[in-house]
Each structure stands twice: as C-alpha cells, then as structure tokens.
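Trainee: return a 3D structure for these sequence lines:
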Amino acid sequence: MPEPYFKVNPEKQEFVTVGTERFACYAIPTPLVEAGCDLDKLVLQYITPLLRPGDIVILSEKMVACAQGRAYPLDSIQAGFAARFLSSFVQKTPTGIGLSMPETMQCAIWECGLPRILLAAAAGALGKLFRQKGWFYRVAGRKAAAVDGPCSFTIAPYNHCVVPAPSQPKKVARQLSQVLNHTPVCIIDCNDLGGCILACSHRNLDIKKLIQILKQNPLGQGCEQMPMGIVRKID
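Mentor: Numbers count the residues shown, from 1 in each chain. Got it, this is the predicted structure:
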C-alpha cells in the first residue's frame, strides 16, 4: 500500500482566502474504493498520519456510496416508462449527465419515490414558464441532485455506473470522526461548478465558510482517485 501524502490537483489552488482567513486545501490519493471497503481503516491509514489539530477532513460522497455498495452498473438498471419519459426533458450539463438518462432518473425514483419526482417535474416545468432554474431539485430534494451518472472522465469501473447519495451520511461522518479522535469530518458533493456539504460530524462548523473554501472542488472531478482531503487553517 502506498504511503499517505498530500497533493494539490492540477488547476486547483493550494491556498484559499475567505474573508480575512487563509486555508490550505489538500487532496489525498488512495487505492480504488470498492464495495465493502472498510472506511475506518482507510481513514486511519491515509488521514491520521497527516492530521494536525484544527484540521477538517473532507470525504467525497461518491467514495462513501461506492464503499456501501451503492454503485449500480448500467446494465443492472431496468428503467421504467416514467424514467424514460421524464429523463427526455432534462438538459445535460458540461459537468455531468445528471438525470438526463433513463437509468439515472430511475435511481432518483428509487431514492425519492415516484410521486415526489412527478411533483418535482411539474415544478420544473412551471419554473421554465417563468424562466427560473432549479425548481425541480428544490422539490425533489438532495437525494435526487446527488445521483451521479456515468461519465467518460470518471475512473473505471464507475464510468459505467450510476451512483446515488450514500446511505446515512451523517452517521458515517460521526463514526469516522470518532475513529479520527473526534476530528471534524464532512462528506461533500462537489463538482467544478460548486457543491454542497452532505453531512458533518460537528454541528458547530461554519458550513457557509466551508462551502466557500471548497467551491474550487479540491478533490477533482475526474480520474484523480483522490476521494479524501484535508482543509487546514493557516495562521
């Protein structure tokens, strides 16, 4: 197993300033995370040797979901009529497929329930009439927005999988925080257009500030294989 070390991904900044404070953002390479991976052991091996007091650990929500066995190969997903119909109205974006293919829409239906997705679709259609974006996801919720589709720039074998949000992310964050001697742990969902904090182990973290620090997506968007990182305040 390789020794743990920090890395700054290409086109990302090592240091980020938010207000009057300065933070370092580091990514940490790991082996490929697969179903059944012991996240406790992974963070102990790759995070613990690099930690300093005051650090915040960040984990990719996709890594957590994959470790939980929630990466579904495309050929294992039988999309129903509703998924095929609704996905045809979703616009693709440069950063991912989203719910624009039947298989990802079907996963959103599994995660959120068909009634909620239908209601969200109606809200999205109404939003378009008023030239407003995002109404679909406001109604569908975080689970629908977190569904990741297969992309050519995603590391294999997940470039042929649909990956929804991890199960019980807050519980996972708290468990890993205990493993790391109560270091704050955040599970994040970021791309090159921004992101959000899916779950945090500590209630007293400044989420808005952390989102500003992470908006450059320091873990990367493609085949970097760096699903973990550390945010460190620089005095």
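Trainee: how about low-confidence regions in this structure?
Mentor: 1-2, 92-96, 192-194, 221-223 (pLDDT under 70).
Trainee: so residue 24: helix, strand or coil?
Mentor: strand (DSSP: H, G, I helix; E, B strand; the rest coil).
Trainee: same check, this time on residue 162
Mentor: strand.
Trainee: give the contact list for it.
Mentor: Neighbour list for residue 162: 71-72, 74, 77, 103-104, 107, 147-150 [criterion: CB atoms under 8 Å, 6 or more residues apart in numbering]. Using the backbone N, CA and C atoms, a C-beta is placed for each residue, glycine as well.
Trainee: just put those residues in TSV and tack on secondary structure, neighbour count and distance to residue 42.
Mentor: Shown next, in TSV, are the contacts of residue 162 (DSSP: H, G, I helix; E, B strand; the rest coil; neighbours: other CB atoms under 10 Å; distance: CB to CB, whole Å):
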residue	secondary structure	neighbour count	distance to residue 42
71	coil	20	16
72	strand	17	22
74	helix	16	26
77	coil	18	27
103	helix	24	28
104	helix	28	27
107	helix	27	25
147	coil	26	24
148	strand	24	20
149	coil	21	25
150	coil	19	24
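Trainee: tell me the one of those nearest residue 215?
Mentor: residue 148 (18.6 Å; CB to CB).
Trainee: how about the nearest residue to the closest one, chain neighbours excluded?
Mentor: residue 163 (4.5 Å; CB to CB, 6 or more residues apart in numbering).
Trainee: quickly note the distance from the one you found to residue 174.
Mentor: Going from residue 163 to residue 174 by CB to CB, to the nearest Å gives 22 Å.
Trainee: give me the more crowded residue out of these two.
Mentor: Neighbours per residue, other CB atoms under 10 Å: of residue 163 and residue 174, the larger number sits with residue 163, 24 against 17.
Trainee: residues contacting that one?
Mentor: Residue 163 neighbours (CB under 8 Å, 6+ apart): 62, 65-66, 70-72, 147-148.
Trainee: ok, 7 Å please
Mentor: 62, 65-66, 70-71, 148 (CB atoms under 7 Å, 6 or more residues apart in numbering).
Trainee: need those residues in JSON lines with distance to residue 9, can you?
Mentor: Shown next, in JSON lines, are those (distance: CB to CB, whole Å):
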{"residue": "62", "distance to residue 9": "16"}
{"residue": "65", "distance to residue 9": "21"}
{"residue": "66", "distance to residue 9": "19"}
{"residue": "70", "distance to residue 9": "25"}
{"residue": "71", "distance to residue 9": "22"}
{"residue": "148", "distance to residue 9": "18"}
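Trainee: nearest to residue 123, of those residues?
Mentor: For the contacts of residue 163, the nearest to residue 123 is residue 148 (22.2 Å; CB to CB).
Trainee: was I right about that closest one contacting residue 61?
Mentor: No: counting by CB atoms under 7 Å, residue 148 stays clear of residue 61, with 8.7 Å between them.
Trainee: please identify the buried residues of stretch 35-55?
Mentor: 37, 39, 42-43, 45-47, 50, 55 (16 or more other CB atoms under 10 Å).
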